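Enquirer: quick one, what's the 3D model for this:
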Amino acid sequence: MTPAAAAPALVRLAEWAAALTPDSIPVPVRDVAVGALVDTLGVAVAGSAMAQARLARAVISRTHAPGRASVFGWRASASAAGAALVNGAAAHALDFDDNCYAGVVHGSAVIVPTALALAEERGASGAGLLAAIVAGSEVEYAIGEALSVGPYERGWWTTGLYGAVGATAAAAHILQLSPDCFASALGLAIAGAGGAKSAFGTDGKALLAGRAAETGIVAALLAAEGATGPTDALEHKAGMARLIGAEGDGLSAFEMPGERWRLLAPGLDVKRIPICLSAHAAVDALRDLIAEHGVRPDDVLRIVADVPPIVAGNLGYERPATPTEARFSMPFALAATLLHGDVGLAELGEDIIADPRLRALMDRVAMVSGDEWRDPARRAAAPEGARVTAELTDGTRLQAARDIARGSAADPLTAGEIDAKFLGCAGHLLAADEAWDLLGRARAVETLSSAADLFSPITWETL
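Expert: Sure, this is the predicted structure:
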């Protein structure tokens with residue numbers, strides 16, 4: 001038999017994930033996974049009212065079979081694959097979902113809807129659901145970390161690229177596939193995975209997250225039926241690592257999940273505000289200036305955000321015209337913060353974006369990437385950091401810097417803050433008592449005999 005150390009990465013990951021049990025997950029890891037479940041549920045429920053989710057619901061009504069999986073914002077239920085597509089798109093539609101720097105991915109928005117849909121359809125327990133979320137997260141983040149940040153910087157959208165792998169691992173865990181079938185499922189997903197950052201600012205970004213969730217379920221179901229896949233799909237001469245230009249030989253020596261838990265390090269960045277994470281540190285820095293110096297909109301002559309190249313690349317809309325574009329705009333993020341004090345869901349309304357006062361403030365915001373960010377060590381310490389300078393009408397020049405944003409793994413939101421975010425999001429669709437009850441069940445997910453009990457008291461209304 002091939003020694004474990006020489007086996008393809010997918011074989012090693014499949015063996016680990018297939019053997020993962022709820023009892024083998026350390027309490028701190030379970031706590032992070034529960035937080036990811038709560039946070040993703042909240043943003044997905046709110047996101048179900050967005051156009052991307054409505055489009056996906058319209059499509060699965062024609063392309064996917066009925067089933068027992070809940071579709072947020074839809075009275076009908078669907079097959080697990082259909083529900084994962086819609087709920088995955090909803091989870092990412094507001095760009096309010098978490099992020100992980102192991103691969104630079106929105107992991108939970110893909111993994112959680114996948115695990116939820118299949119667990120509900122197959123009658124898995126709440127503890128089994130949580131273990132599947134952990135398995136999917138750790139497999140995806142291990143691969144993303146091993147392949148480095150290079151593919152993302154070159155334009156690959158790693159949420160679509162690696163998300164299908166995390167979704168497949170979560171689905172395969174729910175199905176309790178053997179290690180061989182598990183590895184085949186991962187290979188099937190990787191061989192067909194893809195994603196391009198050209199989707200930013202369009203419906204495609206959220207819909208590709210949903211498609212990655214759908215892919216995970218289909219790949220796992222195919223493997224369960226006996227389909228084989230390329231278990232060397234990462235290292236093969238025509239495999240993912242070479243095709244996407246990944247650097248180094250990280251696949252041969254990466255630490256296996258369990259040796260180090262990626263849910264703890266690098267951990268998850270949970271968003272405080274519903275815009276691209278690349279703008280968060282700059283928003284926090286401006287809020288620091290407002291709090292310390294009482295800066296008001298009429299005081300500001302010019303604001304300059306000096307950011308790493310990756311931030312400048314992600315925030316490509318200088319004068320956004322739609323809420324989707326505004327989520328990827330530094331001028332919008334800083335102008336809205338200056339005018340309204342922060343950026344919330346209310347500030348992303350079309351009427352707010354069209355407000356002449358906001359448009360005038362956006363004209364005073366510039367984004368640059370200066371010499372500070374040429375240093376690789378500096379970029380590594382603050383990959384989406386910002387130095388914000390406010391030039392005031394009286395000649396005063398104020399400056400504040402943030403290496404990391406509030407809500408990042410290094411400066412995390414508390415459980416109470418995550419719960420408050422959940423209630424604020426879920427309240428867009430559910431009555432207050434329903435939102436509180438869903439929050440309670442999600443926080444106690446490991447005690448549920450069936451994952452379907454999360455949603456059984458709720459009658460979703462079609463949006």
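Enquirer: contacting residues for the closest residue to residue 392 other than its chain neighbours?
Expert: Using Cβ to Cβ, 6 or more residues apart in numbering and skipping the chain neighbours, the partner closest in space to residue 392 is residue 299 (4.9 Å). C-betas here are computed from N, CA, C, even on glycine. Residue 299 makes contact with 392, 393, 394 under the criterion Cβ atoms under 8 Å, 6 or more residues apart in numbering.
Enquirer: and for residue 168?
Expert: Residues touching residue 168, when contacts are defined by Cβ under 8 Å, 6+ apart, comprise 136, 185, 186, 188, 189, 215, 216, 219, 220.
Enquirer: output the lowest mean pLDDT helix or strand found in the chain.
Expert: Here the helix or strand of the chain ranked lowest by mean pLDDT, DSSP states H and E is helix 250-253, holding a mean of 73.
Enquirer: elements contacting the helix or strand that comes right after it?
Expert: Toward the C-terminus, helix 250-253 is succeeded by helix 280-293 as the next helix or strand (DSSP states H and E). Based on contacts counted as 3 or more Cβ pairs under 8 Å, 6 or more residues apart in numbering; DSSP states H and E, the elements that helix 280-293 packs against are helix 330-340, strand 386-392, strand 397-402.
Enquirer: quick check: the residue with the largest distance to the centre of the chain vs residue 346, distance?
Expert: For the chain, the C-alpha farthest from the mean C-alpha position belongs to residue 394; by Cα atoms, centre = their mean, that distance is 42.0 Å. For residue 394, the distance to residue 346 (Cβ to Cβ, to the nearest Å) stands at 31 Å.
Enquirer: show me where pLDDT drops low in the stretch 51-200 of the chain?
Expert: The model of the stretch 51-200 of the chain has no residue with pLDDT under 70.
Enquirer: any idea how many residues pack against the closest residue to residue 275 other than its chain neighbours?
Expert: In this structure, residue 275 finds its nearest non-sequential neighbour in residue 327, 4.6 Å apart by Cβ to Cβ, 6+ apart. By other Cβ atoms under 10 Å, 26 other residues sit near residue 327.
Enquirer: my guess is residue 327 contacts residue 95, does it?
Expert: Yes - counting by Cβ atoms under 8 Å, residue 327 touches residue 95, with 4.6 Å between them.
Enquirer: give me the common contacts of those two.
Expert: Counting by Cβ under 8 Å, 6+ apart, the residues touching both residue 327 and residue 95 are 274, 275, 276.
Enquirer: select from those the one having the most neighbours.
Expert: Counting by other Cβ under 10 Å, residue 275 has the largest number of neighbours within the shared contacts of residue 327 and residue 95, with 27 neighbours.
Enquirer: got the shared contacts of residue 327 and residue 95 as TSV, with pLDDT and distance to residue 54 columns?
Expert: Below are those laid out as TSV (pLDDT from 0 to 100; distance: Cβ to Cβ, whole Å):
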residue	pLDDT	distance to residue 54
274	96	18
275	96	21
276	94	22
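Enquirer: TSV for the residues you listed, including distance to residue 460?
Expert: What follows is the shared contacts of residue 327 and residue 95, written out as TSV (distance: Cβ to Cβ, whole Å):
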residue	distance to residue 460
274	22
275	27
276	29
